[in-house]
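> generate coordinates for the sequence data below:
(one chain, ligands or ions: 1)
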Amino acid sequence: MEKPLEETTKVTPWEVTTTTGIDYLKLIHQFACQPIDGALVRRFEKVTKVKAHPWLRRGIFFSHKDLNVALDAFERGEEIYLYTGRGPSSESLHLGHMVPFMFTKYLQDAFDAIVICQMTDDEKFYFKPTLSLDEANRLAKENTRDIIACGFNPNKTWIFSNLETVGGSLYKNIVLIMNQTSGNMIRGIYGLDLNNSVGQISWPCFQAAPAFSTSFQNVFKGDNIHCLVPMAIDQYPYFRMAREIAEKLGFKKPSTIQSRFLPSLEEAHGKASSTGGKEVIFLSDSHEAITKKIREKAFSGGGLTKQEHIEKGANLAVDVPYHYLLYFLDDDAELKHIAHEYRAGRMMTSEVKKKAIEVIWNVVREHQEARKLVTDEIVRFFMDPTRTFDRSRQKREPIEHLQEEQHIGFHFDPYFLPKENK
Ligand code: TRP
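Take a look at the predicted model:
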């Protein structure tokens, strides 16, 4: 009999472990979310008048809660805003960290929306014992550069450090949330207990508060605006809690949209993590470093010998370079071609790796170039709470929609198997 998810896989904001590979459908059920299906992807395109992102179409942002409610509000002409964040635990971000930010930038353009980004120097101080508070704060600013480099609209984006900002209307909402949150709730949702520090136990209230627009008097002037939170799925428990509390406090329940985890180089079904000693690609890596990592470390589903590969073909499901192509090679036809040829053993592992290196290096190189242009002054601007924020929304002409079979979402078959093999 199939084992229940709890026995094989653990997904919390602090730990993702699995012995079987992550079963994302089970995770959706565990968190009481919904899969993003083709109909929803189509509706997204229709309402925003922006082509659906490959990550929506390919089931990488695969799960949501009330995304349709955010779309309803947007369709009625109401303002919505986006909230995401980053726990600054390392000097350089890795590619997996970028996925939510690249997608949030896309959503900012699609919804013409304000983005609020919380840099949680306090959180990382509580949860990473080796990190001093000042160092966490320094890393928050260092990481802010990487976030800005994703191309966020300066007049519609506020990035803030918790350590420097909590107070005023944000603190007021944190206090309201803390008052509604019992220790038992924290233990039940996060598995924290009385051995944890009070900082850790109270932490979830700090991450939940920015999902309510009244936290940001400086941006929203007290208006009650619907929030959409893009994130990797391990962060969802915070927003399950935020939604529960919203009801009690009379706030709007935030909508959410969750991604899978970008795999580490060694293992196609785990999660890239810079702290777990796994091999990952950093945004600061050189072309040589990326080439070496992919050639030597990326797990291959190809045959062990050329002969075996030609006879049996590749197992795409465990092939890490192929999984990276799923994320970063936008051209659907080319991806499908590689899937077919590689599986049939006509394309060699070295060719797929070469393609993966090219595609990844493109993303990293562009990022490095953009990051170089982010001066201290620009960082100060993005973090300045006192300026005016542009909440206007431009009219958009209808677009020509993608074809229906391109809108598959969660049910997208990443391996392009012929129908009879499914
Ligand atoms: N806890 C997140 C991290 O460790 C940072 C974070 C804060 C966040 N607020 C968020 C992530 C909202 C997603 C959405 O990186």
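> outline the domain layout of this protein.
23-261, 275-370 (automatic domain parsing).
> centroid-nearest residue for this protein?
residue 100 (2.7 Å; C-alpha atoms, centre = their mean).
> pLDDT score for it?
Residue 100 is assigned a pLDDT of 98 by the prediction.
> phi, psi of it?
phi -60, psi -40 (degrees, to the nearest 10).
> for the nearest residue to residue 38 once chain neighbours are set aside, grab the count of nearby residues.
Using C-beta to C-beta, 6 or more residues apart in numbering and skipping the chain neighbours, the partner closest in space to residue 38 is residue 407 (4.4 Å). Backbone N, C-alpha and C define where each C-beta goes, glycine included. If you count neighbours by other C-beta atoms under 10 Å, residue 407 ends up with 21.
> show the contacting residues for residue 407.
If a contact means C-beta atoms under 8 Å, 6 or more residues apart in numbering, then residue 407 has 38, 39, 41, 42, 45, 52, 57 as its contacts.
> the second one and the ligand: what is the separation?
I take that to be residue 39. Distance of residue 39 to the ligand, computed by C-beta to the nearest ligand atom, to the nearest Å: 26 Å.
> so which bits of the stretch 1-150 of the chain are right by the ligand?
Within the stretch 1-150 of the chain, the positions adjacent to the ligand are 13, 83, 84, 85, 86, 87, 118, 120, 123 by C-beta under 6 Å from any ligand atom.
> how about these in JSON lines, adding secondary structure?
Formatted as JSON lines, those follow (DSSP: H, G, I helix; E, B strand; the rest coil):
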{"residue": "13", "secondary structure": "coil"}
{"residue": "83", "secondary structure": "strand"}
{"residue": "84", "secondary structure": "strand"}
{"residue": "85", "secondary structure": "strand"}
{"residue": "86", "secondary structure": "strand"}
{"residue": "87", "secondary structure": "coil"}
{"residue": "118", "secondary structure": "strand"}
{"residue": "120", "secondary structure": "coil"}
{"residue": "123", "secondary structure": "helix"}
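> just to revisit the earlier point, which of the contacts of residue 407 has the most neighbours?
residue 52 (26 neighbours).
> SS state for that one?
coil.
> run a quick neighbour tally on residue 221.
The burial count for residue 221: 12, using other C-beta under 10 Å.
> wait, I meant residue 365
For residue 365, the neighbour count with other C-beta under 10 Å is 13.
> top helix in this structure by residue count?
Using DSSP state H to assign secondary structure, the helix with the most residues in the chain is helix 349-372.
> tell me what that helix is packed against?
Contacts defined by 3 or more C-beta pairs under 8 Å, 6 or more residues apart in numbering; DSSP states H and E place helix 349-372 against helix 95-111, helix 133-148, helix 287-297, helix 320-328, helix 332-343.
> what residues sit buried inside stretch 110-130?
Of all the residues in stretch 110-130, those buried under the rule 16 or more other C-beta atoms under 10 Å are 110-128.
> residue 254: neighbour count?
Residue neighbour count, defined by other C-beta under 10 Å, stands at 25 for residue 254.
> likewise for residue 363?
Neighbour tally, residue 363, other C-beta under 10 Å: 18.
> so it sits against residue 95, correct?
Yes - using C-beta atoms under 8 Å, residue 363 is in contact with residue 95, at 7.3 Å.
> still on that earlier bit, TSV for the contacts of residue 407, including distance to residue 288?
Output for the contacts of residue 407, formatted as TSV (distance: C-beta to C-beta, whole Å):
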residue	distance to residue 288
38	41
39	45
41	38
42	43
45	40
52	35
57	33
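> taking the residues you listed, tell me the two that lie furthest apart.
The most widely separated members of the contacts of residue 407, counting by C-beta to C-beta, are 39 and 57 (12.8 Å).
> circling back to that earlier point, looking at the helices and strands packed on helix 349-372, which is buried most?
Sort the helices and strands packed on helix 349-372 by mean neighbour count, taking mean count of other C-beta atoms under 10 Å, and helix 320-328 sits at the top with a mean of 25.
> what bridges to the residue in the stretch 151-300 of the chain that the ligand sits nearest to?
Closest contact between the stretch 151-300 of the chain and the ligand, by C-beta to the nearest ligand atom, is at residue 231 (3.7 Å). Beta-bridge partners for residue 231, by DSSP bridges, are residue 258.
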